[in-house]
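In: sequence unknown, structure follows:
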């Protein structure tokens, strides 16, 4: 399996622009997570889905952030409008809970977002 | 409010010596703990975990110790190797709950 795939790997945009980050989880995994990593706060969970349904979005910082999972193989995290303080590395992770075969999340390589 | 705290942002150790990474938590409901390792430009990868019913778990050169009364866990790497140089994240969760809380990470440098 190719692992969790994220695109783009790097994104540079200007304040006020819309940003869309994309994630393809590992096939067969029933949970998908979006995290943000910053120096000050480390890895923060933003939102997670179970079978494409959002379960907990309490970590989403503001209404400017939204996430969708239209099907089992694709998810997006959108920031509109973006601000410089949104600059961070955003990770997507997936996990296979239903089969009981693993107790860990598998992370993608991340998207480094820079908002100027 | 950081429920999982890694108070040492960085650590340098000589190759062959022991590396000890520490982690404290505040939420007494946490009952499962994990360590992840992260190399630059890559996502974190799972390293080792421990359930609250145990006080030690070992996997090769890596051992995690849990002290529930002190709400403290530590990761020991023996012997340390240059390839262990990475950022290590401590994480915690509650049984049956998918939300994992991470610390801010400790950057380990193993000097050849």
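Out: Arrived safely, thanks for sending. All of these numbers come straight from a predicted model, not from anything done at the bench.
In: Please make it C-alpha for all contacts and neighbour counts, starting now.
Out: Will do.
In: quick one: contacts for residue A:24?
Out: Applying C-alpha atoms under 8 Å, 6 or more residues apart in numbering or on different chains, we find residue A:24 in contact with A:4-6, A:73-75.
In: Okay, it and residue A:114: tell me how far apart.
Out: Separation of residue A:24 from residue A:114 (C-alpha to C-alpha, to the nearest Å) stands at 22 Å.
In: Then residue A:78?
Out: 14 Å.
In: Which residue, neighbours along the chain excluded, lies closest to the residue in chain B that chain A sits nearest to?
Out: Going by C-alpha to the nearest C-alpha, chain A is nearest to residue B:104 of chain B, at 3.6 Å. Nearest residue to residue B:104 in three dimensions, chain neighbours excluded: residue A:42, at 3.6 Å (C-alpha to C-alpha, 6 or more residues apart in numbering or on different chains).
In: For the one you found, name its beta-bridge partners.
Out: residue A:38 (DSSP bridges).
In: That one reaches residue B:103, doesn't it?
Out: Yes. With contact defined as C-alpha atoms under 8 Å, residue A:42 reaches residue B:103; the gap is 6.1 Å.
In: where does chain B have low pLDDT?
Out: Where chain B drops to pLDDT under 70, the residues are B:96-97.
In: For it, what lies in contact range of chain A?
Out: Contacts of chain B with chain A, taken as C-alpha under 8 Å from any C-alpha of the partner chain, map to B:41-46, B:99-105.
In: Find me the pLDDT at residue A:101, would you?
Out: With respect to pLDDT, residue A:101 scores 63.
In: Thanks a lot, see you next time.
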